[in-house]
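1. sharing a model that was predicted from the sequence below.
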Amino acid sequence: MLTGQQFVPGLRPPAQAPRAAAWFAFRADRLLVRPNGESAALLDYEELAALGADFEAGHYLGRLDDVDCYAVSLDEAVEAPAETSLEGLRALFGRLPDAYYTVAGRAIQILHWDLTHRFCGRCGEPTVHAPSERAKLCPKCGLLSFPRLSPAVIMLVQRGDELLLARGSAFPEAFYSVLAGFVEPGESLEEAVQREIREEVGLEVRDVRYFGSQPWPFPHQLMIGFTTTYAAGEIQPQADEIVHAAWFARHGELPRLPGKLSIARRLIDWFLEH
Ligand SMILES: [Zn+2]
């Protein structure tokens, strides 16, 4: 996402006198913010300290221009004080400044990783933070556990003036989108694209081309977008996964589409505009 602001990741806070700081405080997967009309702002250090935020257990994330950014988790018992609210990241899209939104996605993934890697996956020993990289280290057997990222491909299938849209059974609401799926160990991104399309709708595609990517912190996906062109086959929706799939004309009536937040929508808009 181009924001005009530059984020420089870092592991250690600056040693010199502290600069301006932004604290991304989450209670589980909800960020504590102060809504203000259509927008939302972060709380400051003193406000979070009053809520008992454990800054010692916080994580330095890096620097956004000249603002040092930190992730900190709030105890489950913490309630949002007056005029603040705890909100999921999806609901904050377009309300936090874009650059802060991206850092918030980074923050929640680091906190989630920290929480789910407290013990060594191999020997069960409590882990410690590795000294020089973002990793959990097992002091007994030496296993390193890095923040988890799950790559997933997401792809547009075009056939002349039409695009393929599908309604997944896992979608919370009745909207249509492009196909997507997780990359399996041992396959390339291009192979994942072709396999997912074959599995989900029974089609063969060609011209698999990289489109763009997007961090998707729900909880730790990296969405990698592609455009493809229909090559062969008839649509056969995969039972249990796809409720309905069909070709939609560029200038025809379209079903309800995903929100602007997602790369899915960027892919669809790209097709509609070209
Ligand atoms: Zn171990």
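-> Arrived safely.

2. contact partners of stretch 205-221?
-> For stretch 205-221, contacts defined as Cβ atoms under 8 Å, 6 or more residues apart in numbering pick out 1, 29, 89-90, 102, 105-106, 108-109, 112-113, 147-152, 155-157, 190, 193-194, 197, 222-231, 262-263, 266-267, 270. To be clear about C-beta, it is placed using only N, CA and C from the backbone, and glycine gets the same treatment.

3. correction: the previous question concerned stretch 65-73.
-> For stretch 65-73, the external contacting residues (Cβ under 8 Å, 6+ apart) are 5-7, 13-14, 18-27, 48, 53-55, 57-63, 103, 106-108, 110-111, 114-115.

4. for stretch 46-65, list the C-alpha coordinates in PDB.
-> Output of stretch 46-65 as PDB, limited to C-alpha atoms (Å, rounded to 0.1, in the frame of the first residue of the first chain):
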ATOM      1  CA  GLU A  46      -0.200   7.600  29.800                       C
ATOM      2  CA  GLU A  47      -3.700   6.500  29.000                       C
ATOM      3  CA  LEU A  48      -2.500   2.900  28.300                       C
ATOM      4  CA  ALA A  49      -0.400   3.000  31.500                       C
ATOM      5  CA  ALA A  50      -3.500   3.800  33.500                       C
ATOM      6  CA  LEU A  51      -5.100   0.700  32.000                       C
ATOM      7  CA  GLY A  52      -2.200  -1.400  33.200                       C
ATOM      8  CA  ALA A  53      -0.700  -2.100  29.800                       C
ATOM      9  CA  ASP A  54       2.500  -4.200  30.200                       C
ATOM     10  CA  PHE A  55       5.000  -2.100  28.300                       C
ATOM     11  CA  GLU A  56       7.800  -4.400  29.400                       C
ATOM     12  CA  ALA A  57       6.200  -7.200  27.400                       C
ATOM     13  CA  GLY A  58       5.600  -5.000  24.500                       C
ATOM     14  CA  HIS A  59       7.300  -5.200  21.100                       C
ATOM     15  CA  TYR A  60       9.200  -2.500  19.300                       C
ATOM     16  CA  LEU A  61       8.000  -2.700  15.600                       C
ATOM     17  CA  GLY A  62      10.000   0.000  13.900                       C
ATOM     18  CA  ARG A  63       9.800   3.600  12.900                       C
ATOM     19  CA  LEU A  64       7.100   5.300  10.800                       C
ATOM     20  CA  ASP A  65       8.800   8.400   9.500                       C
END
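
5. buried sites along it?
-> Neighbour counts over stretch 46-65 (16 or more other Cβ atoms under 10 Å) mark E47, L48, L51, A53, G58, H59, Y60, L61, G62, R63, L64 as buried.

6. any idea of the mean pLDDT in that stretch?
-> The average of the pLDDT scores along stretch 46-65 is 93.

7. same thing with stretch 229-238?
-> The model assigns stretch 229-238 a mean pLDDT of 97.

8. confirm that Y70 sits in a helix.
-> No: according to DSSP: H, G, I helix; E, B strand; the rest coil, Y70 belongs to no helix; its state is strand.

9. neighbours of it, how many?
-> Neighbours of Y70 under the rule other Cβ atoms under 10 Å: 22.

10. follow-up on the earlier one: out of the buried residues of stretch 46-65, which sit inside helices?
-> E47, L48 (DSSP state H).

11. including distance to the ion, could the buried residues of stretch 46-65 go into CSV?
-> Shown next, in CSV, are the buried residues of stretch 46-65 (distance: Cβ to the ion, whole Å):
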residue, distance to the ion
E47, 38
L48, 33
L51, 34
A53, 30
G58, 25
H59, 22
Y60, 25
L61, 26
G62, 28
R63, 33
L64, 35
